[in-house]
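# structure for the following, please:
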Amino acid sequence: METRNIIDSTVVPSSQINLAGVLHIPAIRQLVLLVGVAAAVAAGFYIVLWSQSPAYSPLYADLGTQEAAQVADALRAAEIDYKLNADGSIVGVSEDVNPATWEPHYDRITNETQVQVYQSIVGNSDNVRTHSLLDGSFFLKDNRLTPSGFDKQAVNADTTLPDSFGVFGVAVDDDDFNDGSDTISYEVTLAESGVYTVSASLRYQPFSYGHLTKLWLQGDRVDQVDKFRTIYESTLLRDEFIDTVTTTMQ
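From the prediction side, this is the model:
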């Protein structure tokens with residue numbers, strides 16, 4: 001199974017928010033924002049940022065399964081967009097629309113269609129992405145955050161290590177992607193001057209939605225896949241909250 005960690009940032013105009021339903025849900029804490037540095041265990045992350053209005057309000061974070069479902073219902077009722085869909089797909093992640101594609105590694109985010117996803121992408125002998133470990137020949141992309149002390153250049157130059165060990169793809173040339181951390185720059189065009197609160201949360205997603213859509217195609221002939229889909233779709237949890245950061249700019 002393909003996994004990915006998630007940094008999901010949401011900036012919402014306060015004039016459009018009616019959070020009466022959200023605020024009555026236990027265990028809700030304010031969702032506050034991140035800009036810049038992400039450091040965590042290797043697996044994969046995604047980062048999303050968008051803002052168009054001068055005033056924003058925090059939403060939610062660190063919820064249990066039922067609470068997250070209640071929040072989603074409240075957000076739908078308030079007609080508020082959010083990036084993680086109920087089915088586990090992520091708005092802006094290309095592979096969740098077309099599983100044959102994937103998001104490149106970004107050093108700079110300039111619009112909401114760009115999503116930083118920390119993950120490994122496996123290619124087959126035809127240099128095409130595959131979701132099968134048996135067909136995999138090499139990494140087309142591996143920008144999973146490395147452990148602290150990990151020197152990607154030294155590892156990639158070490159001929160005693162397996163060819164599959166290291167950082168692969170655009171992340172190799174990203175100077176600040178190393179030693180257990182990465183720095184992402186955001187460039188956002190604002191309609192007018194004012195005070196802006198930017199927020200992002202770090203999340204882990206155990207199953208990539210794009211990978212699952214490929215897997216479900218086998219359900220008609222593989223009973224185990226059909227049973228797993230039944231179990232998966234009967235649950236509400238699609239990701240795990242890890243951490244959140246906040247900053248205000250003007």
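
# could you find the closest non-adjacent residue to Asp226?
Closest residue in space to Asp226, ignoring its immediate chain neighbours: Gly219 at 4.2 Å, by CB to CB, 6 or more residues apart in numbering. From N, CA and C alone the C-beta is placed, and that goes for glycine too.

# ignore the last one, Asn156
Spatial nearest neighbour of Asn156, chain neighbours left out: Gly166 (4.6 Å); criterion: CB to CB, 6+ apart.

# show me what contacts that neighbour?
Counting by CB atoms under 8 Å, 6 or more residues apart in numbering, Gly166 touches 142, 152, 155-156.

# and the helices in this structure?
In the chain, the helices defined using DSSP state H lie at 20-23, 65-77, 152-157, 209-216, 223-233.

# need the least confident one among those, by mean pLDDT.
Lowest mean pLDDT of the helices of the chain: helix 20-23, a mean of 39.

# wait, isn't Leu133 in contact with Asn124?
No - taking CB atoms under 8 Å as the definition, Leu133 is not a contact partner of Asn124, at 10.7 Å.

# neighbour count: these two, which is higher?
Asn124 (15 against 9; other CB atoms under 10 Å).

# quick check: the more buried one touching Phe139?
No - with contacts counted by CB under 8 Å, Asn124 stays clear of Phe139, the gap being 11.6 Å.

# hmm, back to that, what's the neighbour count on the residue nearest to Asp226?
Applying other CB under 10 Å, we find 15 residues neighbouring Gly219.

# and for Gly180?
Using other CB under 10 Å, Gly180 has 15 neighbouring residues.

# swap in Ser164?
For Ser164, the neighbour count with other CB under 10 Å is 13.

# same question for Gln218.
Residues lying near Gln218 (other CB under 10 Å) number 12.

# how about it, what does it touch?
Contacts of Gln218 by CB under 8 Å, 6+ apart are Val225.

# quick check: it vs Val225, distance?
Gln218 is 5 Å from Val225, where distance means CB to CB, to the nearest Å.

# now do Phe177
Following CB to CB, the distance that separates Phe177 from Val225 is 35 Å.

# these two: which is more packed in?
Remark: of Phe177 and Val225, Phe177 carries more neighbours, 22 against 16, as counted by other CB under 10 Å.

# what number of residues lie near Ala191?
By other CB under 10 Å, 9 other residues sit near Ala191.

# check what pLDDT it gets.
If you check Ala191, the pLDDT there is 78.

# how about the one 3 residues further on?
Each residue has a pLDDT score; the one for Gly194 is 85.

# with the one 3 residues further on instead?
You'll see Thr197 listed with a pLDDT of 82.

# partner residues bridging Glu240?
According to DSSP bridges, Tyr204 are recorded as the beta-bridge partners of Glu240.

# thought it was touching Ser201?
No - contact criterion CB under 8 Å: Glu240 and Ser201 do not qualify, at 10.6 Å.

# okay, now the closest residue to His131 other than its chain neighbours: neighbour count?
Nearest residue to His131 in three dimensions, chain neighbours excluded: Lys214, at 4.7 Å (CB to CB, 6+ apart). Number of residues near Lys214 (other CB under 10 Å) recorded here: 17.

# distance of Lys214 from Glu95?
As judged by CB to CB, Lys214 and Glu95 stand 10 Å apart.

# what is the neighbour count of Asp142?
23.

# right, I mislabeled it, should have said Pro206
Using other CB under 10 Å, Pro206 is surrounded by 15 other residues.

# try the one 10 residues further on
Under the neighbour criterion other CB under 10 Å, Trp216 is assigned a count of 15.

# now do the contacts for it.
By CB under 8 Å, 6+ apart, the contact list for Trp216 reads 225, 229.
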